[in-house]
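*Asks:* Build me a structure from this.
(chains A and B)
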Amino acid sequence: MGFNSLEFLFFLPIVFGVYWILPHRWRNTFLLIASYYFYMSWNPWFGILLFGTTLIDWKCALEMEKSALQSKRRVWLMFSLISNLGVLAAFKYSAFFYNTFEWTRAAIADDTAHYMQAILIPVGLSFYVFHSLSYIIDVYRAKISAEKNFGTFALFVSFFPQLVAGPIARFGDLGVQFHTQKFLKSEAFISGIRLAIWGFFKKIVIADRLAEFVNPVFDSPQNFNGLTLLITGFFFVVQVYCDFSGYSDIAMGVARMFGFELKLNWRRPLLSKSLHEFWSRNHISMTTWFRDYVYFSLGGSRVKVRRMYLNLFLVFLISGLWHGAAWTFIIWGAMHGVMYIVEHLLKDKFKIKFLGWPYLILFHTITLIAFRANSFHDLGIFYSKIFSFDWQLRPAFIELADLTGKLPLALAFFGILFLFAKEVSEEYKWFYGVRTLENVWRPVFYSFLFVTIFVIGQFSANEFIYFHF
Amino acid sequence: MQRALIYFALAIGLLYVIRELEYVGVRKVENGEFAKLRTTFLEENDFDLIVIGSSRAECQYYTPIIDSATGLNCYNIGMTGATMPFIASTLEAYLVHSKVPKYVILNLDLHTLGDNNDTVYRFPRYFPFLENEKLYDGLQNRDGRFALFKLFPFYSMPYFNNRYLSNSVHGWMGTPTQFDDDYVKGFSPSIPDPTWGDLDTAKMIETHAEIPQEVWDAVNDINEICSANGSQLIFVISPLYYRQEAVVKNYATSYKAFNDYAGSNNILWIDPADGVLNHQKQFYADPAHLNSEGAQLFTRRFCSILVQYLDK
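*Replies:* Purely as a prediction, here's the structure:
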């Protein structure tokens, strides 16, 4: 049951109604049951895995807190890390590592490689493992106290708005909110609805429309000219952003309707003017997670400069691998790592003020093609055609229009323009503080979005991309 | 909060208006599948002969050839994916507005009689035509969601797609839609499906020809409608590629059962699939559907037999 499914249209009002009718002391229990129901609607077995890892982490944190000896605390930490990362490795990376080994063995021995089929990855595994890891590491670092109540901790891990695709919550931010009594406030409710509508608009009207072009082009790049491939790469940039930030907006909006605040996860990253700025605005909960738990653990910037750059590079490599178990993801991470370091080295040498935005968009497009390419071979086709600079505008538009028709292509461009217009107006606060706009036009605007979702939305598509991460 | 509720109500109201505008646009289209559905379910027609059935009826009876060979004015209301109970419903729905035809041709799909889907194949295409009560009843009987589809835009509109939007825009502009421009009087050729590869080596899908009771009930309904209106019902067996026919279990038994039924109910029986077309793979889009060339050849053979009956 994704947010964009009809089942969710029934699930949410029922859970919302029952939640606010129940007395405070029963609400968390009810939310926990609803969250497990939501998760197990994909596959009931996934719920058992989620419960198992949650139980282990809860127990490890409690034992860790009880232990006075640092060595004992470390043992409990390692136990939790191994169980979490073990689950992640078994489900997500076992086929990747096996196949890489097998490919290498076959190449050396001049033998035929026998590849392993990928295991079905539980939805949102990477996200809830990261929720749990942040908790256990924070308890180890004595930043927070271990949660005594198993139900509260289980709800923190499984809270349905953010369970399958984030934002990656910290117990210090979200967990503590489960202890306070909630009151239904109309401002919070309406603001939650507004966020959810905007999230649905981004997902259903923009991202899923763009997917109509992205999917066939990435499935057979050999059939398209270089400019078509570049435009489709840009479409994918916007698709991924709208898909994922749309999910985060819906998650934040839904959580707000229940009286909870999730951390802002996206701050208009496509308006960035450098890669540094991009990573401070893009998927913030993941970026800060890697900063706090990987980069700092490696020594962060309190080491020699060379080691610091190595740390940065490693963080990007791991981030690529976290996104998907394939070499194309690692290449994507490596390209970002290298460019991030280059920017760091050059930051005082010269400024690229006016060219910053085109540079960022072009770099992000080129690298994200690696993220989406079906194989190394396809990636080679993309780059060879794009960098041959045999770009022809008219044939490119004809090729794109031939995929689904002129009207869907026009709607795709409309969606992109609409997105940028809204984000630029927010970035530069064009309409802030104008009372008429806030009181009269804002409701009209969100009503318009609501209607537009149904009129030109693409409901036949697809799960959220990040469900598979 | 009050203001938000008012805006929400207005937005819902607007959805109803927009959905209706979209439906009107779709119903205005002059070509393609939606034009066929409008002709079939909403217009007052006076055709001498109609063809009913599933996709094999739709793509194998080339209506202009029947017109010229028989001198009759005919129309093909075969619907892709229709099972026998829904075929009976389409005939009932057709007769709501149209005059009774002299002849009703029912194409028998002996290889898919057991298909009993939970819902109707590509059901959103029928949404703009639900004002035809017989059609609505037929759909609602097979898929209980149709009441919701009819009542609530937020339930039906997610099923709209590019075809809908494009057809609606073209309908309002009065220009032909880019989709389905190969429809001729209800006939639409089957597009060859390359995934089958060579039909002489492709793996055929085993099916069965046992006749479920609901199929008999629907055939009885069709027969009763035709008898009550004075239409001559004609059963036609159209060809399957011989390798496909070979893996249909009970084919001969069902063939005989329908043949007996036709004999005892004054129904004409035509079988142009006499072993010639069955073996020529160049005439097939896939093992169960003739391509455009095959459809024209089949229609000529069918007409040559039909004309003999008409002369009598």
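*Asks:* Show me the shaky parts of the stretch 1-150 of chain A.
*Replies:* Scanning the stretch 1-150 of chain A for pLDDT under 70 picks out the ranges A:119.
*Asks:* Tell me how many other residues crowd the closest residue to chain B within it.
*Replies:* Nearest residue of the stretch 1-150 of chain A to chain B: A:Leu6, at 7.1 Å (CB to the nearest CB). For every residue, glycine as well, the C-beta is placed using N, CA and C. By the criterion of other CB atoms under 10 Å in any protein chain shown, A:Leu6 has 15 neighbours.
*Asks:* Isn't it up against B:Ser156?
*Replies:* No. At 11.1 Å, A:Leu6 and B:Ser156 do not qualify as touching, with contact defined as CB atoms under 8 Å.
*Asks:* Check which residues of the host helix or strand of A:Val214 are buried.
*Replies:* For A:Val214, the element it lies in under DSSP states H and E is helix A:208-219. By neighbour count on 16 or more other CB atoms under 10 Å in any protein chain shown, the buried set for helix A:208-219 is A:Asp208, A:Arg209, A:Leu210, A:Ala211, A:Glu212, A:Phe213, A:Val214, A:Asn215, A:Pro216, A:Val217, A:Phe218.
*Asks:* Now for the third one: which residues touch it?
*Replies:* When the contact criterion is CB atoms under 8 Å, 6 or more residues apart in numbering or on different chains, the partners of A:Leu210 are A:Phe235, A:Phe236, A:Val238, A:Gln239, A:Cys242, A:Ala412, A:Gly415, A:Ile416.
*Asks:* For the stretch 51-200 of chain B, which segments count as strands?
*Replies:* With DSSP state E, counting those that start in this stretch as the definition, the stretch 51-200 of chain B shows strands at residue ranges B:74-76, B:103-108.
*Asks:* and A:Ala325, which of those is closest to it?
*Replies:* Checking the strands of the stretch 51-200 of chain B against A:Ala325 by CB to CB gives strand B:103-108 as the closest, at 50.6 Å.
*Asks:* Partner strands of that closest one, with direction?
*Replies:* strand B:49-52 (parallel), strand B:232-237 (parallel) (DSSP bridges).
*Asks:* Take these and lay them out in TSV including distance to B:Leu113 and mean neighbour count.
*Replies:* Shown next, in TSV, are the strands paired with strand B:103-108 (distance: least, CB to CB, whole Å; neighbours: other CB atoms under 10 Å in any protein chain shown):
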stretch	distance to B:Leu113	mean neighbour count
strand B:49-52	15	27
strand B:232-237	13	21
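*Asks:* Turn those into CSV, including mean pLDDT.
*Replies:* Formatted as CSV, those follow (pLDDT from 0 to 100):
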stretch, mean pLDDT
strand B:49-52, 96
strand B:232-237, 93
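*Asks:* Please identify the most buried of the strands of the stretch 51-200 of chain B.
*Replies:* Highest mean neighbour count among the strands of the stretch 51-200 of chain B (mean count of other CB atoms under 10 Å in any protein chain shown): strand B:74-76, with a mean of 26.
*Asks:* Give me the distance between it and the centre of its chain.
*Replies:* With CA atoms, centre = their mean, to the nearest Å as the basis, strand B:74-76 stands 11 Å off its chain's centre.
*Asks:* mind listing what that strand pairs with, with the direction of each?
*Replies:* Applying DSSP bridges, one finds strand B:74-76 paired with strand B:49-52 (parallel).
*Asks:* Do a quick rundown of the helices in the stretch 1-150 of chain A.
*Replies:* Ranges of helices within the stretch 1-150 of chain A are A:6-21, A:24-40, A:44-66, A:70-88, A:94-109, A:125-140, A:150-158, based on DSSP state H, counting those that start in this stretch.
*Asks:* To B:Pro192, which of these lies closest?
*Replies:* Among these, helix A:6-21 sits nearest to B:Pro192 (CB to CB), with 35.0 Å.
*Asks:* Packing partners of the closest one?
*Replies:* If contacts are counted by 3 or more CB pairs under 8 Å, 6 or more residues apart in numbering or on different chains; DSSP states H and E, helix A:6-21 sits against helix A:24-40.
*Asks:* close to chain B, is the helix or strand where A:Ala196 lies?
*Replies:* Per DSSP H and E: A:Ala196 is located in helix A:186-200. Yes. Residues of helix A:186-200 are located near chain B by CB under 8 Å from any CB of the partner chain, namely A:Ser186, A:Phe189, A:Ile190, A:Ile193.
*Asks:* who does that helix touch, helix- and strand-wise?
*Replies:* Checking 3+ CB pairs under 8 Å, 6+ apart, helix A:186-200 ends up next to helix A:226-257, helix A:442-456, helix B:2-28.
*Asks:* OK, contacts around A:Phe258?
*Replies:* A:Phe16, A:Tyr19, A:Leu31, A:Pro161, A:Lys182.
*Asks:* show me the contacts for the residue of the stretch 51-200 of chain B at minimum distance from chain A.
*Replies:* Proximity of the stretch 51-200 of chain B to chain A (CB to the nearest CB) peaks at B:Pro158, 3.5 Å away. Applying CB under 8 Å, 6+ apart to B:Pro158 gives the contacts A:Leu6, A:Phe454, A:Gly457, A:Phe459.
*Asks:* 7 Å - rerun?
*Replies:* A:Phe459 (CB atoms under 7 Å, 6 or more residues apart in numbering or on different chains).
*Asks:* picking up where we left off before, I'd like the contacts of A:Phe258 laid out as JSON lines, including distance to A:Phe127 and neighbour count.
*Replies:* Formatted as JSON lines, the contacts of A:Phe258 follow (distance: CB to CB, whole Å; neighbours: other CB atoms under 10 Å in any protein chain shown):
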{"residue": "A:Phe16", "distance to A:Phe127": "23", "neighbour count": "17"}
{"residue": "A:Tyr19", "distance to A:Phe127": "22", "neighbour count": "19"}
{"residue": "A:Leu31", "distance to A:Phe127": "18", "neighbour count": "23"}
{"residue": "A:Pro161", "distance to A:Phe127": "12", "neighbour count": "29"}
{"residue": "A:Lys182", "distance to A:Phe127": "24", "neighbour count": "16"}
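*Asks:* Closest to A:Arg268 out of the residues you listed?
*Replies:* Of all the contacts of A:Phe258, A:Arg268 sits closest to A:Pro161, with 21.4 Å by CB to CB.
*Asks:* In a strand, the closest one, correct?
*Replies:* No. Read with DSSP: H, G, I helix; E, B strand; the rest coil, A:Pro161 is helix and lies in no strand.
*Asks:* Test my guess that it contacts A:Val254.
*Replies:* Yes. The pair A:Pro161 / A:Val254 is scored as a contact, 4.3 Å apart, by CB atoms under 7 Å.
*Asks:* Direction included, what does the worst-scoring helix or strand of chain B on mean pLDDT pair up with?
*Replies:* Of all helical and strand segments in chain B, the minimum by mean pLDDT, DSSP states H and E falls on strand B:207-208, at a mean of 76. Strand B:207-208 pairs in its sheet with strand B:248-249 (parallel), by DSSP bridges.
*Asks:* How many residues are close by B:Asp46?
*Replies:* For B:Asp46, the neighbour count with other CB under 10 Å is 10.
*Asks:* ok so, going back, would you convert the helices and strands packed on helix A:186-200 into JSON lines that also reports mean neighbour count and distance to A:Thr404?
*Replies:* Shown next, in JSON lines, are the helices and strands packed on helix A:186-200 (neighbours: other CB atoms under 10 Å in any protein chain shown; distance: least, CB to CB, whole Å):
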{"stretch": "helix A:226-257", "mean neighbour count": "24", "distance to A:Thr404": "12"}
{"stretch": "helix A:442-456", "mean neighbour count": "19", "distance to A:Thr404": "13"}
{"stretch": "helix B:2-28", "mean neighbour count": "16", "distance to A:Thr404": "18"}
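*Asks:* tell me which parts of the stretch 101-250 of chain A are close to chain B?
*Replies:* Counting by CB under 7 Å from any CB of the partner chain, the stretch 101-250 of chain A comes close to chain B at A:Ser186, A:Ile190.
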